[in-house]
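>>> dropping the sequence and predicted coords here.
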Amino acid sequence: MRIDASRSVVAVVASGMTVALAACGAGAGGAVSADGAKSPPSSAASSPAVASDAGRAADGTEVRACLDGRCQILVTKEPTRIPVEGRFGVGSLEVTSVTAHSVVVQASGSGVFLSTSVSEGGTGSLNGLSFRATEVRDGHAVLDFFPKK
């Protein structure tokens, strides 16, 4: 009796796995009907998804939103000067280059010149101000600025 019970459990688990695998296959390669037949994938399912927020930033291209050190901007031209308060220890902040893979941000002030280059997902710091490159593409970058402390 114990052997029969084990076989029943294995059969139930195997049935569940078959259903789960069929369901997984439906999303990637088409729908699976009740009889197990697969329909061809639709063109929407086979095309890669495009992020709807690509190239968008909370503050758009408005660099003045960064004055307090907290903003998310889209940079589409270089150089782009970004005004920030003096408390961050930089007199001038500029995005000087946006390539397909990196963005260069420079800061200068009284006796100070700083430059950092980061790729998408990277974080840089310039004195008391940090930034994260949330998106970097050839010709544009979305940058999140925030105080270091």
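Alright, I've got the coordinates. Residues are numbered from 1 along each chain as shown.
>>> make it CA atoms for all contacts and neighbour counts henceforth
OK.
>>> how is this protein carved up into domains?
Following automatic domain parsing, one finds the domains of the chain at 2-46, 63-147.
>>> do me a favour and get the end-to-end distance for the longest one?
Taking Cα to Cα, to the nearest Å, the span from the opening residue of domain 63-147 to its closing residue is 16 Å.
>>> circling back: mean pLDDT lowest for which of the domains of the chain?
The minimum mean pLDDT among the domains of the chain belongs to domain 2-46 (a mean of 43).
>>> can you map out the helices along the chain?
Taking DSSP state H as the test, the helices found in the chain are 2-29, 43-46.
>>> strands of this protein, residue ranges please.
Per DSSP state E, the chain carries strands over the ranges 71-75, 80-81, 92-98, 102-109, 112-119, 123-126, 129-137, 140-147.
>>> in CSV, list those strands along with distance to Arg64 and mean neighbour count.
Shown next, in CSV, are the strands of the chain (distance: least, Cα to Cα, whole Å; neighbours: other Cα atoms under 10 Å):
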stretch, distance to Arg64, mean neighbour count
strand 71-75, 9, 23
strand 80-81, 10, 17
strand 92-98, 12, 20
strand 102-109, 16, 20
strand 112-119, 21, 16
strand 123-126, 18, 19
strand 129-137, 15, 20
strand 140-147, 12, 22
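>>> out of these, the one nearest Asp59 is which?
Asp59 sits nearest to strand 71-75 of all the strands of the chain, at 5.3 Å, using Cα to Cα.
>>> what comes into contact with the closest one?
55-63, 65-66, 95, 140-146 (Cα atoms under 8 Å, 6 or more residues apart in numbering).
>>> thanks a lot, catch you later.
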